[in-house]
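Asks: Here is the input, now give the coordinates:
(chains A, B, C and D)
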4 protein chains.
Amino acid sequence: MKKIAVLTSGGDAPGMNPAIRAIVRRGIFQGMEIFGVRLGFEGLVRGDYFSMDLGSVGDIIHRGGTMLRSARCPQFREEESQQEALRQLRAAGIEGLIVIGGDGSFQGAAQLTKRGFPTIGIPGTIDNDIRGTEYTIGFDTAVNTVVEAIDKIRDTASSHERTYVIEVMGRDAGDIALWSGLCVGAESILIPEAPYDVEDVIARIDHGNRRGKRHSIIVVAEGVCSGMEIAKSLEARAGLETRVTVLGHLQRGGSPTAYDRMIASKMGAQAVDLLLEGEKEGMIGIQSGKLVHVSFDPTNKRQGLDLSVYHLARSLSI
Amino acid sequence: MKKIAVLTSGGDAPGMNPAIRAIVRRGIFQGMEIFGVRLGFEGLVRGDYFSMDLGSVGDIIHRGGTMLRSARCPQFREEESQQEALRQLRAAGIEGLIVIGGDGSFQGAAQLTKRGFPTIGIPGTIDNDIRGTEYTIGFDTAVNTVVEAIDKIRDTASSHERTYVIEVMGRDAGDIALWSGLCVGAESILIPEAPYDVEDVIARIDHGNRRGKRHSIIVVAEGVCSGMEIAKSLEARAGLETRVTVLGHLQRGGSPTAYDRMIASKMGAQAVDLLLEGEKEGMIGIQSGKLVHVSFDPTNKRQGLDLSVYHLARSLSI
Amino acid sequence: MKKIAVLTSGGDAPGMNPAIRAIVRRGIFQGMEIFGVRLGFEGLVRGDYFSMDLGSVGDIIHRGGTMLRSARCPQFREEESQQEALRQLRAAGIEGLIVIGGDGSFQGAAQLTKRGFPTIGIPGTIDNDIRGTEYTIGFDTAVNTVVEAIDKIRDTASSHERTYVIEVMGRDAGDIALWSGLCVGAESILIPEAPYDVEDVIARIDHGNRRGKRHSIIVVAEGVCSGMEIAKSLEARAGLETRVTVLGHLQRGGSPTAYDRMIASKMGAQAVDLLLEGEKEGMIGIQSGKLVHVSFDPTNKRQGLDLSVYHLARSLSI
Amino acid sequence: MKKIAVLTSGGDAPGMNPAIRAIVRRGIFQGMEIFGVRLGFEGLVRGDYFSMDLGSVGDIIHRGGTMLRSARCPQFREEESQQEALRQLRAAGIEGLIVIGGDGSFQGAAQLTKRGFPTIGIPGTIDNDIRGTEYTIGFDTAVNTVVEAIDKIRDTASSHERTYVIEVMGRDAGDIALWSGLCVGAESILIPEAPYDVEDVIARIDHGNRRGKRHSIIVVAEGVCSGMEIAKSLEARAGLETRVTVLGHLQRGGSPTAYDRMIASKMGAQAVDLLLEGEKEGMIGIQSGKLVHVSFDPTNKRQGLDLSVYHLARSLSI
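Replies: Sure, this is the predicted structure:
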């Protein structure tokens, strides 16, 4: 295998750039030529690629986002688009593909595999919600971004008597909320994976107040409800003065943390090596702290959030 | 003058702690005893103070918020509360007061002055909206916090084609929005001091798109409207895909920047020295880059935002 | 078991505070009373402890260092000191101890265990060099601190033609150097675990220059030599203009990262639970990404640095 | 005037990029064409420039260093080089030049002016040591970088009993040391502008210890001596356990602060406007907090560091 391509797809995540860098450099180190596909599957269909050399990934290891840009591409669900992508790839002499993205992106990747085109996935999303891996690139950076933001809110919180509600990302997964909530010592953490009860949230705030705490921090995963909704409930039911922060896309940005750079570098290099070794499909994941190669099999269950961490958080924020 | 007290009032701001530290240490250096008042004017009325030594302000120079805590205290508008505060101060042998806060706090301070109690104000609010000074402690930190947040949003913005709306604080003033908007190269900055027109915002986004920009950043001061409102307008009128971030109280927190620590230290020390020199009233301000002593005269006009900076920002984000 | 104590010993590490917090809160959650020992084993011998409540660990989860302070205590190697410590513990009715520190601290802990006093260790050091665990609290924060520092050096490096040498901590271990070197894309990484050759370092710099790179970054573990020494070699042998940065104790500080807060919280809670379950000795470690309970057995080998990461780094910085 | 060029020269400073951006965009806004000169005066002599459009300064406002790269160019002191530079400029139809740099760079600029070529200077250096201005671009960022580094050292300092020495930049000026020393509450600040006495440094450390402080922070400007030297003195004379950090070029990097971006944007735009208005020479400076236009006159005295800040710092770190 002499020519391979790489694309990023779906929502971008910090760490996609170090993954691209590792793919390009490992590929060149192994004697291959690497093509960068612009704008995800959309660029794949259009044949919008360029040859990358060592310099094209210089000075990107520390940048958030993705230098190849990303897009969702619903049209790639159609066979016609997939065939056009394959035609373009073959015309360019490209023999393998690496897709950095989430579950949706891997469905596209699996279609290429099914049609005989070697394709390896690398899990990249801040949500940490991909089947078959306990970690996805970008999660550590996103959590640290949220934690730093709430640490700042805490400064001002300590000066007043109020309840602060912070709405965080994660789509249907509560991982960002749970990690960041535990790491800032939030009074309550609302995640889609556990039922919640406004009365319990109020009781925990009251309990803190009785022992002299003057402020409370509530972290809400977007998959539960909006921060504004929960704030209104707290005000309506308990007369609490609340303030809402919606971190929004700030959580997708930021220079990748060391952990994300390391995992991205390992996964990027491994993806190249797997293609070289003749592997045809599947995703690189982390299981028990080690890199593994798992199939795209859509019946794989998402590992799911570790609820023992939720109970730990509750026992520590009494 | 041997005994003076210090309080923080109104919304807290990063830099209040280094100001408190400077007051305590400069006071002790000058042979005085310094009392810290808890919870602003509320604590003043209740006589809730404690004697501070060098150690009580150890390890606070870099902390956001205010170690004395803060509160708004509407009751202090009543003469009865003011008299009670004076009675408590005199009973404790305290001869002067330093108030760190905003315009509202200085109205309280002016009442004490009017009744013969020496009181000096230090401008502390992230909004930069106090009469008689071109700078208020906390503004530099708040602007840097917003700039860092938008720098992160930009990472992800560059990976997609979207418009990002960021709602920032400032009450009726556009200073935070204008500074942060210019410093991140926002396409449009909406401030209460300048009329705005959604069509102009859309035209600027279009103009950027035509020259190849794929994302746009719009900074909106809370004094104009909510970020959600402007996002809805952009979607309704131009079909733009927008994402909203509401930074909220994160803007009040964070370790004070060097500039805020420096100004806070200078103002705190100066306030002590003014009381020692027999000054009875007024606020420390900055004019033409220098510390000045101005009266609390409520007919002073707020310096107002420098609109030339607004026009500069527009000329640079063509 | 109703009363337990906690101490921090040896060099401090970011994350010790969240570990202390977790111990105190989990202990109280489990119905115990927790005592904080000041200044490590020195305080243990002197009986210098205090009872901790929920509030005593309020607002510390995000602080670097250790609120209990730390010290090395060579005298604790003597039996007399150990007996005195036990006498004090028993007099206070304390039935178990948690020691947060490194290998040296665990030798002290093992002595207490040997004399029948239940003692559990938690690995805390930025160096990541403790036997029986693949992770030590503080390492992730230290690596991110180094990475952020080198990211800044890179800004200026790109503006000039020079070689930058950064000396990092790690005692006899190269983990900090290897992780941070890979994560910033350093041209060469010098670690105690791999032989190095100045000619190879020069060759790699030359190779980069030939393909248009204008600056080079060399990360040196303190266990190899001082940054100044390697800079002198590069100047003497190849006439390279070099600049040296010695990060020093800045690497021990900083707010703990999310990962360090999470691991510290899990380990702290687990240590309490183990004592409650009647465990008498051993350390909590991480193996294959999971919490484990391992004995203090000094014949355990240090996991050692993963040399495949070293070779990965070399293949990516061609 | 239709065509102007811009170069950066000498040591780079954070904020040079936003200055370049402002020059390019303001120039285009004013209907001009802007050329970027690579590598400072060296590129000017070689005629190494390129035409810049709005996109060439996209996404640089937040980046440290200088996209035009910088170099010292001793050869430009010779008339021959100056004439060659002028010949190249005229051949390209360029009618004016903006030089971002320090005193050395402005001597070069003054030579061009003397030969009739309109040249405006913008002060850019972290050292804050340029004649005729109270501020130079990059200083605020450098001070904040140092302050953040020492804040981290303080975390670990509080856990032990030690003296920490931090060596900072500034060439012959003590501004960075003085600002950062005051802003972190250093026990002693050693600057070239004030005599120092090791006995006084020791006395201040002792004084702190007597009132219960366990650690001391000493900030030393490189213009005084190396951090290692002062550490050796403290150990030799008073037996103090010291740790040294040499921040080195990390101080030149980092994303520019809001203040540096704002000043750089104002100065860049102003430089363009001055050339348009027919100004032929001189530098933009800040005096009394306002932009001013001052001549390159080398007999101008450097404003010099404000020693009252030094005495303020001493009175606050008693």
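Asks: Any residue of whichever strand or helix holds residue A:269 touching chain D?
Replies: Here residue A:269 is covered by helix A:258-276, with elements defined by DSSP states H and E. No. Judged by C-beta under 8 Å from any C-beta of the partner chain, helix A:258-276 stays clear of chain D, getting no closer than 15.7 Å. In this view, the C-beta of every residue, glycine as well, is placed from N, C-alpha and C.
Asks: Only alpha carbons, please: show whatever helix or strand comes next after that helix as CSV.
Replies: Counting by DSSP H and E, the next helix or strand C-terminal to helix A:258-276 is strand A:283-287. Extracted as CSV, the C-alpha positions of strand A:283-287 are listed here (Å, rounded to 0.1, in the frame of the first residue of the first chain):
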residue,chain,number,x,y,z
MET,A,283,-11.8,1.2,14.4
ILE,A,284,-8.9,1.8,16.7
GLY,A,285,-10.2,2.0,20.3
ILE,A,286,-9.0,2.0,23.8
GLN,A,287,-10.0,-0.9,26.1
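Asks: Could you tell me the average pLDDT over strand A:283-287, please?
Replies: The average pLDDT for strand A:283-287 rounds to 96.
Asks: So for the closest residue to chain D within the stretch 101-250 of chain A, what's the pLDDT?
Replies: Relative to chain D, the nearest point of the stretch 101-250 of chain A is residue A:148 (12.9 Å; C-beta to the nearest C-beta). pLDDT for residue A:148: 98.
Asks: Please name the nearest non-neighbouring residue to it.
Replies: residue C:255 (7.9 Å; C-beta to C-beta, 6 or more residues apart in numbering or on different chains).
Asks: Residue A:292 should be in a strand, yeah?
Replies: Yes. Under DSSP: H, G, I helix; E, B strand; the rest coil, residue A:292 sits within a strand.
Asks: That one: how many residues sit nearby?
Replies: By other C-beta atoms under 10 Å in any protein chain shown, the residues close to residue A:292 number 15.
Asks: Tell me what it is bridged to.
Replies: Beta-bridge partners of residue A:292, counted by DSSP bridges, are residue A:285.
Asks: Check the gap between it and chain B for me.
Replies: Per C-beta to the nearest C-beta, to the nearest Å, residue A:292 is found 28 Å from chain B.
Asks: for residue A:184, same thing?
Replies: 12 Å.
Asks: Tell me which residues of the helix holding residue A:269 come out buried.
Replies: A:258-272, A:274-276 (16 or more other C-beta atoms under 10 Å in any protein chain shown).
Asks: what does stretch A:91-108 give?
Replies: Neighbour-count burial for stretch A:91-108 [16+ other C-beta under 10 Å]: A:94-106, A:108.
Asks: Tell me the gap between that stretch and the middle of its chain.
Replies: Mean-position distance between stretch A:91-108 and its chain equals 18 Å (C-alpha atoms, centre = their mean, to the nearest Å).
Asks: One more: stretch A:230-250?
Replies: 26 Å.
Asks: Kindly report the same for stretch A:56-71.
Replies: 15 Å.
Asks: Now do the host helix or strand of residue A:81: everything it contacts.
Replies: Under the criterion DSSP H and E, the helix or strand holding residue A:81 is helix A:79-91. If you take C-beta atoms under 8 Å, 6 or more residues apart in numbering or on different chains as the criterion, helix A:79-91 is touched by A:5, A:41, A:44-47, A:73, A:75-76, A:97, A:108, A:111-112, A:115, A:117.
Asks: who's in contact with the residue nearest to residue A:148?
Replies: Contacts of residue C:255 (C-beta under 8 Å, 6+ apart): A:148, A:151, C:14, C:62-64, C:141.
Asks: Residue A:279 contacts residue A:121, correct?
Replies: No. Look at residue A:279 against residue A:121 with C-beta atoms under 8 Å: they stay out of range, at 11.3 Å.
Asks: the more surrounded of these two?
Replies: Higher neighbour count among residue A:279 and residue A:121: residue A:121, with 31 against 15, using other C-beta under 10 Å.
Asks: quick check, that one in a helix?
Replies: No. Counting by three-state DSSP, one finds residue A:121 to be strand, located in no helix.
Asks: burial of the nearest residue to it once chain neighbours are set aside, as a residue count?
Replies: Nearest-residue entry for residue A:121: residue A:283, 3.7 Å, with adjacent residues in sequence omitted and distances by C-beta to C-beta, 6+ apart. The number of residues packed around residue A:283, counting by other C-beta under 10 Å, is 27.
Asks: any idea how far residue A:283 lies from chain D?
Replies: 32 Å.
Asks: Who are the contact partners of that residue?
Replies: Contacts of residue A:283 by C-beta under 8 Å, 6+ apart are A:106, A:120-123, A:130, A:132-133, A:293-296.
Asks: for residue A:289, same thing?
Replies: C:134, C:286, C:288-290.
Asks: before we move on, what about residue A:307?
Replies: Residue A:307 is in contact with A:193-194, counting by C-beta under 8 Å, 6+ apart.
Asks: which non-adjacent residue is nearest residue A:272?
Replies: Closest to residue A:272 by C-beta to C-beta, 6+ apart is residue A:26, at 4.4 Å.
Asks: unless I'm mixing things up, that neighbour is touching residue A:268, no?
Replies: Yes. Using C-beta under 8 Å, residue A:26 is in contact with residue A:268, at 6.5 Å.
Asks: quick one on the thing from earlier: by neighbours, which of the contacts of residue A:289 wins?
Replies: residue C:286 (20 neighbours).
Asks: Report how many residues lie close to the nearest residue to that residue once chain neighbours are set aside.
Replies: Nearest residue to residue C:286, sequence neighbours excluded (C-beta to C-beta, 6+ apart): residue C:135, at 4.3 Å. By the measure other C-beta under 10 Å, the count of residues near residue C:135 is 21.
Asks: Could you tell me the end-to-end distance of stretch A:296-307?
Replies: Taking C-alpha to C-alpha, to the nearest Å, the first and last residues of stretch A:296-307 lie 25 Å apart.
Asks: which parts of the stretch 101-250 of chain A sit against chain C?
Replies: Counting by C-beta under 8 Å from any C-beta, the stretch 101-250 of chain A sits next to chain C at A:134, A:140, A:143-144, A:147-148, A:151, A:154, A:158, A:179-180, A:182-185, A:211-213.
Asks: Tell me which entries of the buried residues of stretch A:91-108 lie within strands.
Replies: In this view, those that belong to strands under DSSP state E are A:96-101.
Asks: Just put those residues in a markdown table and tack on pLDDT.
Replies: Converted to a markdown table, these look like this (pLDDT from 0 to 100):
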| residue | pLDDT |
| --- | --- |
| A:96 | 98 |
| A:97 | 98 |
| A:98 | 98 |
| A:99 | 98 |
| A:100 | 98 |
| A:101 | 96 |
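Asks: Closest to chain C out of the residues you listed?
Replies: Ranked by distance to chain C (C-beta to the nearest C-beta), these are led by residue A:98 at 15.2 Å.
Asks: In this structure that closest one contacts residue A:273, no?
Replies: No. Residue A:98 is not in contact with residue A:273 according to C-beta under 8 Å; the separation is 11.1 Å.
Asks: do you know how far residue A:200 is from chain C?
Replies: 16 Å.
Asks: quick one: the residue of chain A positioned farthest from its centre and chain C, what's the gap?
Replies: Relative to the mean C-alpha coordinate of chain A, counting by C-alpha atoms, centre = their mean, the farthest residue is residue A:210 (38.6 Å). Distance from residue A:210 to chain C, counting by C-beta to the nearest C-beta: 11 Å.
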